[in-house]
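J.: Curious how this folds, go ahead:
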Amino acid sequence: MVIKQSINLGGREFTIETGRIAKQADGAVLITQGETIVLVTAVSLRKPREGATFFPLTVDYREYGYAAGRIPGGYFKREGRPTEKEILTSRMTDRPIRPLFPENYRHETQIISMVISADDEHDPDVLAITGASAALYLSDIPFYNPIAGVRVGLIEGKYVVNPTYEQLRGSLLNLIVAGSEEAIVMVEAGAKEVSEQVMIEALMFAHGEIKKLCQLQRAMFEKLGIQKREYIVPQINETMLREIEEKFGEKLREALSVSNKTKIESYAAIDNLRAEVIESYPEDQPEVRSEAGGLFDRLKERVFRDDILNNRRRPDGRRFSEIRPISIEVGWLPRTHGSSLFTRGETQALVTATLGTSQDVQYIENLEMGEFKRRFMLNYNFPPFSVGEAGRTGSPGRREIGHGALASRAIEAVLPGEEDWPYTLRVVSDITESNGSSSMATVCGTSLSLMDAGVPIKAPVAGVAMGLVMEEKKYAILTDIAGAEDHYGDMDFKVTGTRDGITALQMDIKVTGLNPMILAEALEQARKGRLYILDKMDEVITAPRAEISKYAPRIVTIQIPTDKIRDVIGPGGKVIRGIQEKTGAKIDISDDGRVSIATPSGPAAEAALQMVRDLTAEAEVGKSYLGTVSRIVDFGAFVEIFPGLDGLLHVSEIADYRVRDVRDELKEGQQILVKCIGVEGNKVRLSRKALLKEEKKSKNGNE
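T.: Here you go, the predicted model:
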C-alpha cells in the first residue's frame, strides 16, 4: 500500500511517502523537499542479541555522488569510507532516536539513510532525522512516539525553517533541532555570537515546526493501520532492589562521592562494592548474581539522583553553579607555533596550533559544492590513557569526529577572514585526562593556542557543559558536569561563546518536561560559567600575540591585475619556478589575482614580493624609472623599465639637443634614467630629454 502525504514547511512542500520502495525492510520511507530525496530504511531483528548489555543500534547516512549528477573523485571512482559530514549526520540521527526505544531493548536494529537525489537548495542531513523516525514509526518495530528534525536560520531578523544553502550562508544561526510533539530532544547549533534570548526563541520556533511533522507521521500511521510487534519490558525485581539498597545503600553513597578521592579511586570503590553485592548471593545461582549486578547499577543512578534532588549535593561537594579549579599554561611547547595546556578538574587538553600556507588546505567533496577547500581544521584525539585504560589507537571514531566538529563550530565565528589572514590553520586537541566535557576543554584550549600563535581572532571563546536532573517538579541545573553527572543526568547541554554571545550549542535531553523557563535558566547559568572561564583565560593571555612564532612561515599578499597572472607564471611555469628557486618562497596565485608569498624569513618574502611587483608593474605617466637599454634602432631605443616591459625612447627625446645617430648617445645594456610621458594601450613612451631639462632648471635655480 503506497501512501504519500505532504505539508507546507516554510513555504515549500515537504513529503513523506511509504510503500513504493524497499518493501522487504521493516520500514522504508522517501522524504522529499524540493528535488532532494532521502530514502530511509529501518530493520530490527525479531530475536534479541545473545549476551547484549546495550541496545545494538547502528545508524548510517550516505550521500551518493549520482544524487547530484557527479562522479566521485579519487582513483576508484566510487564512494569510500564515510565523510565527516556523513558521520556527523549519522550521530545526529542516532542521538534523538536511541532513547525512545523500550527499556532493555536488545534487538539488533539498523537505520540506513541514502541521499538518492540532491538539488542545490535543500540540505538532506536534517531530512534524514525525520526519515529515521518515519521509517521506524510506520513499521511494526516497537517505536511508539514519532520525532522530527528541522533546521532554523536567522536571516534579516527572521527565523526561517529549513533554509536553503544560499540563505544559510547569510544566516547568523545554523540550528538543527529534533523533537517530539511534547518536547525538544536534541540540538546542534553554530552561531555568530547570538544572545541567549535569540537562541530560546529559535528553539521554540523550531519546536512549532517539529509538531507539524510529527502530526503528519501520526496521520499516516492511522491510515496504514499498523500493528506494532509485541515487546514486553522486563520487570524490575523491586524486592531484591530494596534488599540491596538496605544493605549497601550508604556504602554506595560514600563510594560515589569524590569530594575526598579521585575519579579513578571512586570508580575502584564502586567496582569493589559491586563485586561485594554479587558475592553476597549464592555462587550456584549465576542468574541471580547477574540480576544483582544489574540492580546495583540501577541503584547507583537512584542514589545519585536522590543526592542531587533531595540532599542538594553533588558527588564532589561543589555548588550547583560552581566550576572546578582551572589551570592554564600557554606557549610551553618550544617548537609549535602555538600551544596551551588547559586543565579543569580532572579534565585536561593539550592543544596545539600550526600555521600553514594555501598549499596546506584540506580538499573536501560534498553534494552541495562538489570539491572545495577548508582552511581551518580541528582534530580531536581521545587516547585510552586519558581515562586510565589500555586500548587500541588508530583512526578517529565517531565520537572523536563529533567532538572535534563541535569545537570547530565554536571557534569558526571568531576566525579572521582569508583576505585578512592568509594562513591555513590546523589545531590538534589531545585529551590527556578526562572526567567530563573534554570537548569544552578543547574549545578553551583552541582559543588559547590560537592567541599564543598570534592568530588575530575577534575574541576568545570558552565553553561549559551543563547538566540537568529532573523528576516531576523538582530539578537541579548543574554547571561544569563531571562524568557521573553526564551519565546519570537528564540533559547534556554544551554552550560555547564569547563575552558577547553564543557561537555553538549542543544538547541531548532525556526528559519531556523541559520548558522555556528551565531552558532560559540553564542558558543564563551557562553564560555566567562561560564568563568565569573567560576571566581565568584573560589572566594568562588577553589578546593574540603581536608576532607569530619564528618557526611559522611568513606570508605576504599582493593583488595584481588578472591579465598579469600569465606574466608571473610564465611559459610552462618557468617564471614562477625561477622566483621560488631564487628566494625559497612558496607562491600561490588565485584566479582573482591575489598572490600569496610564503617564506621562512622576512627578507626572503620581501625579495619574492619585489620580483612579483616588477613583473606586474605598469608604467605611470610622470614617473621616472632607472631602465636598461635593450635595443637600439634608427629612430630611437627601447628601454626596459620593468622585467619584460619596454618603452620607446624616441630619438627626439634622447637629449635636449639634436641627435644625429642614436649610437653616439646610447649603448645596449647601458642604464639610464627616463621619464614616462605617455601610455597608449601596451605602448609606453619615454623621455630622457625631459629629465635633463629638469636637471638644468634645478641647477640654474640653485645658482
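
J.: quick one: buried residues of the helix or strand harbouring Ser290?
T.: Assessed by DSSP states H and E, Ser290 sits inside helix 286-309. If you call a residue buried by 16 or more other C-beta atoms under 10 Å, then helix 286-309 has these buried ones: 289, 291-292, 294-296, 299-300, 303-305, 307-309. From N, CA and C alone the C-beta is placed, and that goes for glycine too.

J.: distance between that helix and the chain's centre?
T.: 38 Å (C-alpha atoms, centre = their mean, to the nearest Å).

J.: counting contacts, what elements does that helix pack onto?
T.: Counting contacts by 3 or more C-beta pairs under 8 Å, 6 or more residues apart in numbering; DSSP states H and E, helix 286-309 packs against helix 238-256, helix 263-279, strand 462-471, strand 474-479, helix 483-488.

J.: picking that back up, can you list the buried residues of helix 286-309 in CSV and add distance to Phe372 and pLDDT?
T.: What follows is the buried residues of helix 286-309, written out as CSV (distance: C-beta to C-beta, whole Å; pLDDT from 0 to 100):
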residue, distance to Phe372, pLDDT
Arg289, 57, 89
Glu291, 55, 87
Ala292, 56, 90
Gly294, 50, 87
Leu295, 53, 91
Phe296, 52, 91
Leu299, 52, 91
Lys300, 48, 89
Val303, 51, 90
Phe304, 46, 90
Arg305, 47, 90
Asp307, 50, 90
Ile308, 46, 92
Leu309, 49, 92
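
J.: Contact partners for Ser340?
T.: Residues near Ser340 by C-beta atoms under 8 Å, 6 or more residues apart in numbering: 328-331, 349-351, 445, 448-449, 452.

J.: Identify the residue spatially nearest to it, adjacent ones excluded.
T.: Closest residue in space to Ser340, ignoring its immediate chain neighbours: Leu448 at 3.7 Å, by C-beta to C-beta, 6 or more residues apart in numbering.

J.: so which helix or strand takes in that neighbour?
T.: Per DSSP H and E, Leu448 falls inside helix 438-452.

J.: That helix to strand 462-471, inter-axis angle?
T.: Helix 438-452 and strand 462-471 are oriented at 160 degrees to each other (axes from the mean of the first three to the mean of the last three C-alpha atoms, to 10 degrees).

J.: Report the rounded mean pLDDT for helix 438-452.
T.: Helix 438-452 shows a mean pLDDT of 97.

J.: sorry, back to before: what's the most distant pair in the contacts of Ser340?
T.: The two members of those with the most space between them (C-beta to C-beta) are Gly331 and Ala349, at 15.5 Å.

J.: So between these two, which is more surrounded?
T.: Here Gly331 and Ala349 are compared on neighbour count by other C-beta atoms under 10 Å; more neighbours surround Ala349, at 30 against 19.

J.: still on that earlier bit, out of the helices and strands packed on helix 286-309, deepest packed?
T.: strand 462-471 (a mean of 25; mean count of other C-beta atoms under 10 Å).

J.: tell me what that strand is packed against?
T.: When contacts are defined as 3+ C-beta pairs under 8 Å, 6+ apart, strand 462-471 packs onto helix 286-309, helix 438-452, strand 474-479, helix 483-488, strand 491-497, helix 516-538.

J.: Of these, which is nearest Gln610?
T.: Going by C-beta to C-beta, the one of the helices and strands packed on strand 462-471 nearest Gln610 is helix 438-452, 31.2 Å.

J.: Now the closest one - C-alpha only, CSV.
T.: Taking Å, rounded to 0.1, in the frame of the first residue of the first chain, the C-alpha atoms of helix 438-452 are listed here in CSV:
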residue,chain,number,x,y,z
SER,A,438,36.7,17.3,27.2
SER,A,439,35.1,19.0,24.2
MET,A,440,34.6,22.2,26.2
ALA,A,441,38.2,22.0,27.4
THR,A,442,39.2,21.7,23.7
VAL,A,443,37.3,24.9,22.9
CYS,A,444,39.1,26.8,25.6
GLY,A,445,42.4,25.3,24.7
THR,A,446,41.9,26.1,21.0
SER,A,447,41.2,29.7,21.7
LEU,A,448,44.3,30.0,23.9
SER,A,449,46.6,28.2,21.4
LEU,A,450,45.4,30.4,18.5
MET,A,451,46.1,33.5,20.5
ASP,A,452,49.5,32.1,21.5
